[in-house]
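In: build me a structure from this.
(chains A, B, C and D)
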Number of protein chains: 2
Amino acid sequence: MGTLRKGEVTRGSILDTSLALASQVGMAGLSIGELASRTGMSKSGLFAHFGSKESLQLQVLEEARQRFIALVAVPALKKPRGAPRLQALFDLWLDWSQADFSPGGCIFMAAASELDDRPGPLRDALVESQREWLATLATAVRQGSAAGKLRRNLDPDQFAYEFYSITLAYHHFSRLLRDPAAETRARRAWRDLLTQARRPEPA
Amino acid sequence: MGTLRKGEVTRGSILDTSLALASQVGMAGLSIGELASRTGMSKSGLFAHFGSKESLQLQVLEEARQRFIALVAVPALKKPRGAPRLQALFDLWLDWSQADFSPGGCIFMAAASELDDRPGPLRDALVESQREWLATLATAVRQGSAAGKLRRNLDPDQFAYEFYSITLAYHHFSRLLRDPAAETRARRAWRDLLTQARRPEPA
DNA sequence: CATTGAATAGCACGATCGTTCGTTCTAGAC
DNA sequence: GTCTAGAACGAACGATCGTGCTATTCAATG
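Out: The predicted structure follows:
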């Protein structure tokens, strides 16, 4: 057990609250005042933990990244290469998107479109984490086809693009349109994509 | 030529500016002050045209909707049913996403994730316009397969979901990741989707 | 050209934003 | 139990937000 001061504990609980709030209203929508009232703290007391709003935002993003790795990437890597691992990546992403701590859905997607035209460290950090995720997907594909479990002429980056596109659409259909069929649609699209990836080489 | 007062002209140019700004910073990021300085007007002078910020936002959305119909939906309906029309819908959407008046990419997608957890008339209007678009896509598919140009057992709504997912991913890859391959990836995914839709019924 | 209503500007409001400062409290080490 | 560093608070800052007023300027009509 590492020695954790009082401050570390409250900092953690502030990040908890921030994560939930940011998944709903985005990174820019994270206001210190709102956060203070939700945690029952004073604005200045809360602020002192981070020093600046940008620092808070960066730490929220980093916290989300750590959780994503722990909840999605790591467990999936325990599955055997090829289809099982890809399926786990997909299933775990869906779980992630529905997690209790992010009532607004995947926080990265909430952040993505609001940051795509706002240069700065926060945008850079988000881009980095997304690239990391895409690389994870592409690697899983590459290993799968190297092991002969997937089509040999599969383009890993193209596969990652299409994987990503299905999850993006799931986010939209479930969050914005509140479409009850969102998950079914996503799973169907995914099944088709995976089937294609296993099909033997076309002529 | 309808009689257009001076006010109508400036209102139009304000909407022009708003559209460009909103595509970059979103609907919530549309501030009256920023808009005033960009158009060279006073805050109050500009404000008088709309009466409230929400009204401004609604009118911006409606303006975008009208343009979308004129630039994407209508021209595509002039193409013959089946694959040509679907292809036109896709190509025209890409043009739309790269249009000069929306330097931040498709404004609907910029608005979607920021509004998905903010109930209100603006969200309602956006949802309505997106449903309209999805219905247009589904209808194009239905007509195509009824005419025997596409697989008969094609699910129109599933097709619309996958069409939409490709364009969503294009938005992300080009805007956030600034990936130069974004358009290539999107076109490849689209080609595969369309090919599947034309393939004869599977066993 | 004169008149009048529309269009725009100027100014101020309350609220909230992120941030700073000085103070108070309290937890942890001796 | 005392001392001290860290944690939290309260009040205030300048800036900006959306939104009212009132006054002024301008464009369209007779």
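In: right, and A:M27 touches A:Q57 too?
Out: Yes: between A:M27 and A:Q57 there is a contact under Cβ atoms under 8 Å: 5.1 Å. (C-beta placed from N, C-alpha, C; glycine too.)
In: find residues that contact each of those two.
Out: A:L122 (Cβ atoms under 8 Å, 6 or more residues apart in numbering or on different chains).
In: residue of chain A closest to DNA strand D, please.
Out: Nearest to DNA strand D in chain A, going by Cβ to the nearest atom of the strand, is A:G7, at a distance of 2.1 Å.
In: what sits closest to A:E34 if chain neighbours are left out?
Out: A:L21 (6.9 Å; Cβ to Cβ, 6 or more residues apart in numbering or on different chains).
In: number of nearby residues for the one you found?
Out: Around A:L21 there are 22 other residues, counting by other Cβ atoms under 10 Å in any protein chain shown.
In: just checking, it touches A:L35?
Out: Yes: at 6.7 Å, A:L21 counts as touching A:L35 under the criterion of Cβ under 8 Å.
In: what's the longest helix in chain A?
Out: Counting residues, the longest helix found in chain A (DSSP state H) is helix A:121-146.
In: what's the spacing between the nearest residue to A:S129 once chain neighbours are set aside and B:L115?
Out: Nearest residue to A:S129 in three dimensions, chain neighbours excluded: A:R65, at 5.0 Å (Cβ to Cβ, 6+ apart). Separation of A:R65 from B:L115 (Cβ to Cβ, to the nearest Å) stands at 25 Å.
In: do A:R11 as well
Out: A:R11 sits 31 Å away from B:L115, taking Cβ to Cβ as the criterion.
In: and A:R142, by the same measure?
Out: Applying Cβ to Cβ, the value for A:R142 to B:L115 is 38 Å.
In: higher neighbour count, these two?
Out: The neighbour count for A:R142 versus B:L115, taken as other Cβ under 10 Å, is higher for B:L115 (23 against 17).
In: what's near enough to touch that one?
Out: Contact partners of B:L115, counting by Cβ under 8 Å, 6+ apart, are A:L176, B:M27, B:L122, B:R123, B:L126.
In: any idea how far DNA strand C is from it?
Out: In this structure, B:L115 and DNA strand C are 18 Å apart, going by Cβ to the nearest atom of the strand, to the nearest Å.
In: so where's chain A shaky on pLDDT?
Out: Across chain A, the ranges flagged by pLDDT under 70 are A:1-4, A:201-203.
In: how about a cut-off of 50?
Out: By pLDDT under 50, the weakly predicted segments of chain A are A:1, A:203.
In: was I right about A:A125 contacting A:V60?
Out: No: counting by Cβ under 8 Å, A:A125 does not reach A:V60; the two are 10.2 Å apart.
In: these two: who's more crowded?
Out: Each of A:A125 and A:V60 has its neighbours counted (other Cβ under 10 Å); A:V60 has more, 25 against 17.
In: send me the helix or strand that contains the more buried one as PDB with only the CA atoms.
Out: Assigned by DSSP states H and E, A:V60 belongs to helix A:53-68. Extracted as PDB, the C-alpha positions of helix A:53-68 are listed here (Å, rounded to 0.1, in the frame of the first residue of the first chain):
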ATOM      1  CA  LYS A  53      -8.000  24.300 -15.900                       C
ATOM      2  CA  GLU A  54      -5.900  22.900 -18.700                       C
ATOM      3  CA  SER A  55      -4.000  20.900 -16.200                       C
ATOM      4  CA  LEU A  56      -7.200  19.500 -14.900                       C
ATOM      5  CA  GLN A  57      -8.400  18.600 -18.300                       C
ATOM      6  CA  LEU A  58      -5.100  16.900 -19.100                       C
ATOM      7  CA  GLN A  59      -5.300  14.900 -15.900                       C
ATOM      8  CA  VAL A  60      -8.900  13.900 -16.700                       C
ATOM      9  CA  LEU A  61      -7.800  12.600 -20.100                       C
ATOM     10  CA  GLU A  62      -4.900  10.700 -18.600                       C
ATOM     11  CA  GLU A  63      -7.200   9.200 -16.000                       C
ATOM     12  CA  ALA A  64      -9.500   8.000 -18.800                       C
ATOM     13  CA  ARG A  65      -6.600   6.700 -20.800                       C
ATOM     14  CA  GLN A  66      -5.400   4.600 -17.800                       C
ATOM     15  CA  ARG A  67      -8.800   3.200 -17.200                       C
ATOM     16  CA  PHE A  68      -9.200   2.400 -20.900                       C
END
